[in-house]
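Participant: Got a predicted model here, sequence first, then my questions.
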There are 2 protein chains.
Amino acid sequence: VNLILFERREVSDDGAVSVSDVRATHLLHVLRVVVGQSVRVGVVDGPLGVAVVHTTRPGAVELRCTFAATVPPPPPVDLLLALPRPKVMRRLWAQVAALGVGQIILTNAERVERNYFDTHVLTPECYRPLLIEGLQQVRDTHVPRVSIHRQLKVLLEDQIDELSGPGQRLIADPAATTTIGAAVRESGEARVLLAIGPEGGWSAFELGLFRAHRFRPVGMGERTLRTDTACVALLTLAHDAMWRR
Amino acid sequence: VNLILFERREVSDDGAVSVSDVRATHLLHVLRVVVGQSVRVGVVDGPLGVAVVHTTRPGAVELRCTFAATVPPPPPVDLLLALPRPKVMRRLWAQVAALGVGQIILTNAERVERNYFDTHVLTPECYRPLLIEGLQQVRDTHVPRVSIHRQLKVLLEDQIDELSGPGQRLIADPAATTTIGAAVRESGEARVLLAIGPEGGWSAFELGLFRAHRFRPVGMGERTLRTDTACVALLTLAHDAMWRR
């Protein structure tokens, strides 16, 4: 953890905050803070800052925070992902948040098993702490918005415009020859939404639906990676391309 | 699994091979092959090919293989990694093999715990099947060479030249401003060796050692990722850069 994140409601107007949960444990037993010491902090969806340790007692820490005047911009990349199996999804939350996405749109697909949707891994109680963990690792404050969709057709036909608005749309497709880098460089859009399919790939019907809704196929090289590796690799390439242009 | 890999000794001169292990289980119960059906195959560190199912019986499959005349080139990227904790290393084997590396050089460092070296995750019995799993996912035949080093200084001073030979050497360093892409484009070398540090980073002494042995620092962006995510992200960027130049 390279940053302690607070919810906005936890911080009083004068910057005072008390913690007595895992963050206190981390401050006391990993960082081993003493009174007067400074630590990096942030407010969820808000600014970064610095906090001075005001008091400590077993299991609890009081801090006084000073926050930056501006909020860092949200990551310019969004992810649309065919829901992987729960074990994989569980590992992805923190990694995706650490790589940086504005939102995570999870969807059903022909080659997604229906029972993947019945897991507690898709409850905010499970995923929000994992997203926060990822953000704390990389000193970001932007918690990705999460939405879960059981019908891809409804998502693409009725909901995607409102969810993601304008911006470039890309879909990872092993058959495509355009690279993410080339596609992003050709586009002047400020944001990119990247769709990644299930282990077995999208069906031809689904690929057609994506194309009909402005998703441009981009290649992933000759190697068809597992979903978890592919997510990290493709989000890395999307960020790199957005950053370099 | 998108490819069934055989060891060279398993394949007879006329291309016949019998399997009765997990590969047979996969052929029979996942791919549900029937006699006469073709499947993609490969020989470890050898060519790709196609096999026709010759006979099946419970738990065993006989195939007749035809292999390509040439062996695909090995990946142009090598990895030098400060040993992460066993749980993370266990997950990385297949991912790193899938991304493609010629070799994996694991090393100690000041911020690596000594007991990480005592794990069965570092035995070929554990890691070789995981490497093969990663290769089968992406249809590659090149098993990364693995070497394990308990002294970074000895590795860099006495062993690295013989292990990796010529080629560009890069070290991921949050403080560096050159990107992997820029460094690779400036170099005419056919291979790149990428060093990735422990969770806590390399020490100043270690960074000096790397610099003294031709490792050029390259940045990783503003986000300091966890080792597993960083490995996937940085190997992706290295491959992308080698491929694009």
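Facilitator: Arrived safely.

Participant: hey, where'd the helices end up in chain A?
Facilitator: A:22-25, A:86-99, A:124-138, A:152-154, A:160-164, A:180-186, A:204-212, A:227-244 (DSSP state H).

Participant: quick check: angle from the last one to helix A:86-99?
Facilitator: Spelled out, it's helix A:227-244. Note on geometry: by axes from the mean of the first three to the mean of the last three CA atoms, to 10 degrees, helix A:227-244 and helix A:86-99 are set 20 degrees apart in direction.

Participant: Do helix A:227-244 and chain B come into contact?
Facilitator: Yes - interface with chain B: helix A:227-244 contributes A:228-229, A:232-233, A:236-237, A:239-240, A:243-244 (CB under 8 Å from any CB of the partner chain). (C-beta placed from N, C-alpha, C; glycine too.)

Participant: Give me every residue in chain A lying close to chain B.
Facilitator: Applying CB under 8 Å from any CB, we find that chain A lies next to chain B at A:2, A:94-95, A:98-100, A:137-140, A:179, A:181, A:221-226, A:228-229, A:232-233, A:236-237, A:239-240, A:243-244.

Participant: Could you identify the buried members of the residues you listed?
Facilitator: Applying a neighbour-count criterion of 16 or more other CB atoms under 10 Å in any protein chain shown, the buried members of the residues of chain A next to chain B are A:94-95, A:98-100, A:137-140, A:179, A:181, A:221, A:223-226, A:228-229, A:232-233, A:236-237, A:239-240.

Participant: residue contacts, the residue lying closest to A:Pro124 once chain neighbours are set aside?
Facilitator: Closest residue in space to A:Pro124, ignoring its immediate chain neighbours: A:Val146 at 7.5 Å, by CB to CB, 6 or more residues apart in numbering or on different chains. Neighbouring residues of A:Val146 by CB atoms under 8 Å, 6 or more residues apart in numbering or on different chains: A:103-104, A:106, A:124, A:127, A:131.

Participant: now A:Val146: how far from chain B?
Facilitator: From A:Val146 across to chain B, the span is 19 Å (CB to the nearest CB, to the nearest Å).

Participant: Then A:Gly46?
Facilitator: Distance, A:Gly46 to chain B, by CB to the nearest CB: 18 Å.

Participant: One more: A:Lys87?
Facilitator: Per CB to the nearest CB, A:Lys87 is found 11 Å from chain B.

Participant: what's the pLDDT at that residue?
Facilitator: pLDDT, A:Lys87: 95.

Participant: dump the residue contacts of the residue lying closest to A:Gly134 once chain neighbours are set aside.
Facilitator: In this structure, A:Gly134 finds its nearest non-sequential neighbour in A:Ala97, 3.1 Å apart by CB to CB, 6+ apart. Residues near A:Ala97 by CB under 8 Å, 6+ apart: A:130-135, A:140, A:143-144.

Participant: residues touching the closest residue to A:Val11 other than its chain neighbours, list them.
Facilitator: Leaving out its chain neighbours, the residue that sits closest to A:Val11 by CB to CB, 6+ apart is A:Val17, at 4.8 Å. Contacts of A:Val17 were listed using CB under 8 Å, 6+ apart, and they are A:6, A:10-11, A:51, A:62-63, A:65.

Participant: out of those, which are buried?
Facilitator: In terms of neighbour count (16+ other CB under 10 Å), the buried residues within the contacts of A:Val17 are A:6, A:11, A:51, A:62-63, A:65.

Participant: Now, those residues that are in strands?
Facilitator: Residues of those located in strands (DSSP state E): A:6, A:51, A:62-63, A:65.

Participant: Which one of the residues you listed is nearest to A:Leu193?
Facilitator: A:Leu193 lies nearest to A:Phe6 out of these, by CB to CB, at 29.5 Å.

Participant: Give me the distance between the closest one and A:Ala69.
Facilitator: 17 Å (CB to CB, to the nearest Å).

Participant: Repeat that for A:Pro47.
Facilitator: The spacing between A:Pro47 and A:Ala69, counted by CB to CB, is 7 Å.

Participant: between these two, who's got more neighbours?
Facilitator: A:Pro47 (16 against 5; other CB atoms under 10 Å in any protein chain shown).

Participant: for that one, what are its contacts?
Facilitator: Applying CB under 8 Å, 6+ apart, we find A:Pro47 in contact with A:67-72, A:141.

Participant: Filter these down to the buried ones and hand me the ChimeraX line.
Facilitator: Provided next is the ChimeraX selection string for whichever of the contacts of A:Pro47 are buried by 16+ other CB under 10 Å:
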select /A:67,141
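
Participant: For the contacts of A:Pro47, work out which two are farthest apart.
Facilitator: Most distant of the contacts of A:Pro47, by CB to CB, are A:Ala69 and A:Thr141, 14.0 Å apart.

Participant: picking that back up, closest to A:Ser203 among the contacts of A:Val146?
Facilitator: Closest approach to A:Ser203 among the contacts of A:Val146 (CB to CB): A:Leu106, at 17.7 Å.

Participant: ok, the closest one touching A:Arg150?
Facilitator: No - applying CB atoms under 8 Å as the test, A:Leu106 and A:Arg150 come out as separate, 9.6 Å apart.

Participant: neighbour count winner among the two?
Facilitator: Looking at A:Leu106 and A:Arg150 with other CB under 10 Å, you find the greater number of neighbours at A:Leu106, namely 22 against 13.

Participant: so who does that one touch?
Facilitator: A:Leu106 makes contacts with A:81-83, A:89, A:122, A:146-149, as judged by CB under 8 Å, 6+ apart.

Participant: so how far is chain B from it?
Facilitator: As judged by CB to the nearest CB, A:Leu106 and chain B stand 19 Å apart.

Participant: Then A:Arg150?
Facilitator: With CB to the nearest CB as the criterion, A:Arg150 and chain B are 26 Å apart.

Participant: Pop out the phi and psi values for the nearest residue to that residue once chain neighbours are set aside.
Facilitator: Spatially, and ignoring its direct neighbours in sequence, A:Arg150 is nearest to A:Asn108 (5.0 Å; CB to CB, 6+ apart). In terms of degrees, to the nearest 10, the main-chain angles of A:Asn108 are phi -80, psi 170.
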